[in-house]
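Undergrad: Here is my input, please return the structure:
(4 chains)
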Number of protein chains: 2
Amino acid sequence: MQNLSKNQQIIFDLIDKSPEPLKAYTILYNVQKKGIKAPLQVYRALDKLVQIGKIHKIESRNAFIACHNSSCQVAKATAFSICEICEKVTEISSAGLSKYLANFKDKDGMKYSKYNLEFFGLCKKCR
Amino acid sequence: MQNLSKNQQIIFDLIDKSPEPLKAYTILYNVQKKGIKAPLQVYRALDKLVQIGKIHKIESRNAFIACHNSSCQVAKATAFSICEICEKVTEISSAGLSKYLANFKDKDGMKYSKYNLEFFGLCKKCR
DNA sequence: TAACACTATGTAATAATATAACATATATTA
DNA sequence: TAATATATGTTATATTATTACATAGTGTTA
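TA: The predicted structure is shown next:
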């Protein structure tokens, strides 16, 4: 549980206080006043934050969300629900689900160390 | 089960005979001799093919693979294993898994109509 | 402390992925 | 046939992400 560097902290704070997933260039625009000027600076911080599990990438949306699931210290097992209308994204933390997926074996008996699951549907408001 | 249009058929054939997922611009380069010259022509065909379930998008890789799972006529429930070394992608068809995920309810009792699951690990060859 | 390894930063350029806007054509069906 | 929906062609542009190179800070450890 290392400390974050300056850029990592700035970017994490932004993502963490955002109610919705943020895209890399949205982040860039929002941190330019803090001296982060180039895409690469953003992507490098994002890579690191993903690596250490502070944030997750929503692959189908190219967007990043802070991890609010104390059990995933490392970015290895993620599950989200995504509303197809309002795009609200929520991290799912279900012991049953993670257990099921962590123990899942394919036809060849292979187990997998990581997974990413995205559920799509309509959220309460949009139903 | 409608017929595919000319561009859709060309692009589906290419993806279907590929042993690995193909990216949009790789597809473009490979169909230029058949008269498909612009990215948009490729993306439009891909969108349609995904929509009718003939192909799936591997979100974490921005790549497309033909569906070899007779049960998913519609692109609504997909699961893949991805090797982190050689990038081999395999569609998982497990009755147990699809049943579990189709019936999964979140904390609020919400069920989801679609999902996409990507497992990461090492394939047999790369272990 | 000096040497080293490692991690992070800054900057410019460019690559890779995807869509907007507009014009036309083909297929389907009422 | 008229109307509607779907597909195509083309140009331009937006969005997302990486390469390459130079520099700076941080933490060992000899």
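
Undergrad: And the strands in chain A?
TA: Using DSSP state E, the strands found in chain A span residues A:55-58, A:63-66, A:77-83, A:89-91, A:114-121.

Undergrad: Quick one: mean pLDDT for the first one?
TA: pLDDT averaged over strand A:55-58 equals 96, rounded to a whole number.

Undergrad: Would you list the strands that it pairs with, along with their directions?
TA: Sheet pairing of strand A:55-58 (DSSP bridges) gives strand A:63-66 (antiparallel).

Undergrad: and the partner strand, anywhere near DNA strand C?
TA: No - Strand A:63-66 lies out of reach of DNA strand C by C-beta under 7 Å from any atom of the strand, never closer than 12.9 Å. For the C-beta atoms, the positions are set from N, CA and C on the backbone; glycine is no exception.

Undergrad: Would you check that A:F64 makes contact with A:K48?
TA: No - applying C-beta atoms under 8 Å, one finds A:F64 not in contact with A:K48, separated by 11.9 Å.

Undergrad: Show me how far stretch A:46-66 is from its chain's centre.
TA: Distance, stretch centre to chain centre, for stretch A:46-66: 4 Å (C-alpha atoms, centre = their mean, to the nearest Å).

Undergrad: Please name the residues that touch the residue lying farthest from the centre of chain A.
TA: Distance from the C-alpha centroid of chain A, by C-alpha atoms, centre = their mean, peaks at A:D108 (29.8 Å). Taking C-beta atoms under 8 Å, 6 or more residues apart in numbering or on different chains as the contact definition, A:D108 lies against B:K124.

Undergrad: That one and B:T90: what is the separation?
TA: 9 Å (C-beta to C-beta, to the nearest Å).

Undergrad: and what of A:N103?
TA: Distance from A:N103 to B:T90, by C-beta to C-beta: 19 Å.

Undergrad: Between these two, point out the one with more neighbours.
TA: Using other C-beta atoms under 10 Å in any protein chain shown as the criterion, A:N103 and B:T90 rank with B:T90 on top: 18 against 8.

Undergrad: My guess is the more buried one contacts B:F80. True?
TA: Yes - if you go by C-beta under 8 Å, B:T90 and B:F80 touch, sitting 6.5 Å apart.

Undergrad: Which residue, other than its chain neighbours, is closest to the residue sitting nearest the centre point of chain A?
TA: Ranked by distance to the mean C-alpha position of chain A (C-alpha atoms, centre = their mean), the top residue is A:H56 at 1.7 Å. The shortest distance from A:H56 to any non-neighbouring residue, by C-beta to C-beta, 6 or more residues apart in numbering or on different chains, is to A:T78 (4.9 Å).

Undergrad: Touching, that neighbour and A:V89? I think so.
TA: No - with contacts counted by C-beta under 8 Å, A:T78 stays clear of A:V89, the gap being 11.1 Å.

Undergrad: Who has more neighbours out of the two?
TA: Neighbour count, other C-beta under 10 Å: between A:T78 and A:V89, A:T78 has more, with 25 against 20.

Undergrad: give me the beta-bridge partners of the more buried one?
TA: Note on A:T78: beta-bridge partners A:N116, judged by DSSP bridges.

Undergrad: The nearest residue to A:R44 once chain neighbours are set aside: neighbouring residues, count only.
TA: Closest residue in space to A:R44, ignoring its immediate chain neighbours: A:N7 at 7.4 Å, by C-beta to C-beta, 6+ apart. For A:N7, the neighbour count with other C-beta under 10 Å is 18.

Undergrad: wait, what's in contact with A:N7?
TA: A:N7 neighbours (C-beta under 8 Å, 6+ apart): A:I36, A:Q41, A:R44, A:A45.

Undergrad: quick one: contacts for the second one?
TA: Put plainly, it is A:Q41. A:N7 are the contacts of A:Q41 under C-beta under 8 Å, 6+ apart.
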